[in-house]
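Chemist: Sequence unavailable; structure follows:
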């Protein structure tokens, strides 16, 4: 059958139109896939649509060293989920990290310090950050956060962290008083009681951590010392020379 | 002095314990891999696999994993068993493939460790451990062998993904190491048939041993001499079982001289896949849909597709984690280029078909976070194999 010229022209025009349409679709598909790749620089292009997981974002902020951001996220999260004990424990970590204390850091420093030369006081000073009032306040907040977790809700991990942070807080207080003679001289009953209580809580937490064990030993030493709270603390921190 | 007493107790992570930690990490990885290879298992309250297919062809992964409307070789068994019915001729492929996958961060760690070892400065100390805590390690492999015709096929497969990820601040703030591994090995058989000019139907059956393990270990366990306990825990938490997974697939294809449109839907783990071990959680039934457009010439084709897996969200995943999108450009059946977004993360790959031998390489990102875009880990893969005809 012979196809007329007009039919062939019509077919050609149709194919041409069809080709342009296909080309447009293909280009659009390619652009849709490659454009985000160019602009996203390897990032996830749907992340902004994903539901926010505040706890995970806080963990990521912690890993990135953004402890203030992590603390803010966790505080907001805990407002809506006050029984989220993991988040509360993580918040304590964020406060402690702001003070320059992390569980890993304590383990590492303690390990390396134990093999270093020098007296025991120097080793403690090397483990802990500067005993500034700011750091003491941060550690106080960390311990407060840990203490808010009900005893029956404390897992073995939370107990471990509880012991570590209370021990670190107690030894930071010790460092404060032993490195500042005037502070020890002016030691108030409240400060002495706070130190004794912190040590007692650290000892109470038990646990296998060497720092917790050290706190327990230290707590016993203060308890067995004679006198009132202030005298007990002063006698142990700065024993009178014979 | 009171402090002398403290000093004796302050030695949580001594040198020998560092060595123990590294030893444990090595053992842990080898043990997890071996257990899954030799006796693949399933564990945890909910399967780690979730809405992902049981097996994913590496080249398909590099195209964003959008494989419902077009899959590569053995991928059709697992993504959409109706696909072989579309096309010309009877014999599709006789194939064999072996692929390895490795994490980008692990490569950097290995390279720096090698350089330090060469320079004699490699020390197994706390900084080494801290590096491991910061560097996720991923390995995986796939092996497959079989043949596929227009009416179905049969094959064997084995797949494994294993990860170790350390976090300085874990879920409660303590340093922890998470191990995660999943694997499967078994047989696969499929049947497919065309229905009219535009529709194809298919079904596949996959009797397999499948398994997974997921364990979080707090770092303190190492210092308290819990190495053996940890390995025992991993062994205890690695559960495995035998199950038969059934998938159904349907694909509609609208063809023209130079443009095809494909719509596909599959049902995976029809009626749930239950395992021979009672405490192994079943794989839930999932329904998946996909759309693909294929502008093509006689010998070249560009396939762009989007898949939405588990449309009823049986596993409760957000749609961003169930999305796959990507393009594959195929030139003269010799060269293939792929790019896409696997759960929103960019991926890319290349395949060379050298008559019989086939080489594939590429990269994609695995999500380790709870939601898409949180903890992406870049993974590279290389694969080699044969293909006939």
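Modeler: Noted; the coordinates are in hand. Note that the coordinates shown come from a computational prediction; the quantities given were computed from them, not determined experimentally.
Chemist: thinking residue A:179 is in contact with residue A:131, fair?
Modeler: Yes - the pair residue A:179 and residue A:131 qualifies as a contact (C-beta atoms under 8 Å) at a distance of 6.1 Å. Any C-beta I mention is one placed from the backbone N, CA and C, and that applies to glycine too.
Chemist: Counting neighbours, go ahead and name the busier of the two.
Modeler: residue A:131 (21 against 13; other C-beta atoms under 10 Å in any protein chain shown).
Chemist: ok, now how distant is the more buried one from residue B:104?
Modeler: Going from residue A:131 to residue B:104 by C-beta to C-beta, to the nearest Å gives 42 Å.
Chemist: which regions of chain A sit below the pLDDT cut-off?
Modeler: A:1-3, A:12-41, A:107-125, A:206-210, A:239-242 (pLDDT under 70).
Chemist: What of chain B?
Modeler: Using pLDDT under 70, chain B drops low at B:1-46, B:122-132, B:220-231.
Chemist: Name the nearest residue to residue B:158, ignoring sequence neighbours.
Modeler: Excluding the flanking residues, the one nearest residue B:158 by C-beta to C-beta, 6 or more residues apart in numbering or on different chains is residue B:185, at 4.0 Å.
Chemist: residues near that neighbour, how many?
Modeler: Neighbours around residue B:185, by other C-beta under 10 Å: 19.
Chemist: Just grab the bridge partners of it for me.
Modeler: For residue B:185, the residues forming beta bridges with it (DSSP bridges) are residue B:158, residue B:209.
Chemist: Surely it is in contact with residue B:157?
Modeler: Yes - using C-beta under 8 Å, residue B:185 is in contact with residue B:157, at 6.9 Å.
Chemist: mind checking how far the residue of the stretch 101-250 of chain B found nearest chain A is from residue B:299?
Modeler: Nearest to chain A, among the residues of the stretch 101-250 of chain B, is residue B:173, at 2.8 Å (C-beta to the nearest C-beta). Plainly put, residue B:173 is 59 Å away from residue B:299 if you go by C-beta to C-beta.
Chemist: So residue B:202 belongs to a strand, correct?
Modeler: Yes - assessed by DSSP: H, G, I helix; E, B strand; the rest coil, residue B:202 belongs to a strand.
Chemist: give the contact list for it.
Modeler: By C-beta atoms under 8 Å, 6 or more residues apart in numbering or on different chains, the residues touching residue B:202 are B:80-85, B:152, B:190-193, B:248-251.
Chemist: most neighbours, which of these?
Modeler: Of all the contacts of residue B:202, residue B:80 has the most neighbours under the rule other C-beta under 10 Å, reaching 34 neighbours.
Chemist: was I right about it contacting residue B:264?
Modeler: Yes - using C-beta under 8 Å, residue B:80 is in contact with residue B:264, at 5.4 Å.
Chemist: anything in contact with each of those two?
Modeler: Common neighbours of residue B:80 and residue B:264 (criterion: C-beta under 8 Å, 6+ apart): B:68-69, B:249, B:251, B:290.
Chemist: Turn these into a markdown table, columns for distance to chain A and secondary structure.
Modeler: Converted to a markdown table, the shared contacts of residue B:80 and residue B:264 look like this (distance: C-beta to the nearest C-beta, whole Å; DSSP: H, G, I helix; E, B strand; the rest coil):
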| residue | distance to chain A | secondary structure |
| --- | --- | --- |
| B:68 | 16 | coil |
| B:69 | 13 | coil |
| B:249 | 23 | strand |
| B:251 | 19 | strand |
| B:290 | 14 | strand |
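Chemist: right, is stretch A:70-89 up against chain B?
Modeler: Yes - using C-beta under 8 Å from any C-beta of the partner chain, we find that stretch A:70-89 touches chain B at A:86, A:89.
Chemist: Name the residues of that stretch that are buried.
Modeler: The neighbour-count check on stretch A:70-89 (16 or more other C-beta atoms under 10 Å in any protein chain shown) flags A:70-74, A:77-78, A:84-89 as buried.
Chemist: just to revisit the earlier point, settle it for me: which of residue B:173 and residue B:299 has more neighbours?
Modeler: Shown here are residue B:173 and residue B:299; by other C-beta under 10 Å, residue B:173 has more neighbours (36 against 10).
Chemist: Let's verify residue B:254: helix, strand, or coil?
Modeler: Quick answer, by three-state DSSP: residue B:254 is strand.
Chemist: ok, it to residue A:98 distance?
Modeler: Residue B:254 is 61 Å from residue A:98, where distance means C-beta to C-beta.
Chemist: before we move on, back to that, and the shared contacts of residue B:80 and residue B:264, which is closest to residue B:113?
Modeler: Relative to residue B:113, the closest of the shared contacts of residue B:80 and residue B:264 is residue B:68; by C-beta to C-beta it sits at 41.2 Å.
Chemist: Hmm, that closest one is touching residue B:307, no?
Modeler: Yes - assessed by C-beta under 8 Å, residue B:68 is found in contact with residue B:307 at 4.7 Å.
Chemist: Mind checking which of the two has more residues around it?
Modeler: Comparing residue B:68 with residue B:307 by other C-beta under 10 Å, the one with more neighbours is residue B:68, at 30 against 24.
Chemist: show me the contacts for the nearest residue to that one once chain neighbours are set aside.
Modeler: What sits nearest to residue B:68 in space, not counting adjacent residues and going by C-beta to C-beta, 6+ apart, is residue B:290, at 3.0 Å. The contact partners of residue B:290, taken as C-beta under 8 Å, 6+ apart, are B:66-69, B:80, B:262-265, B:305-308.
Chemist: ranking the residues you listed by neighbours, who comes first?
Modeler: Tallying neighbours with other C-beta under 10 Å puts residue B:80 at the head of the contacts of residue B:290, with 34 neighbours.
Chemist: excluding its backbone neighbours, what's nearest that residue?
Modeler: residue B:249 (4.1 Å).
Chemist: isn't the one you found right up against residue B:262?
Modeler: No - Residue B:249 lies out of contact with residue B:262 (C-beta under 8 Å); the separation is 11.8 Å.
Chemist: Is the strand or helix carrying residue A:221 positioned near chain B?
Modeler: Assigned by DSSP states H and E, residue A:221 falls within helix A:210-224. Yes - using C-beta under 8 Å from any C-beta, we find that helix A:210-224 touches chain B at A:210-211, A:213-214, A:217-218, A:221.
Chemist: Would you convert these into a markdown table that also reports neighbour count?
Modeler: Putting the residues of helix A:210-224 next to chain B into a markdown table (neighbours: other C-beta atoms under 10 Å in any protein chain shown) gives the following:
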| residue | neighbour count |
| --- | --- |
| A:210 | 24 |
| A:211 | 28 |
| A:213 | 22 |
| A:214 | 26 |
| A:217 | 17 |
| A:218 | 23 |
| A:221 | 17 |
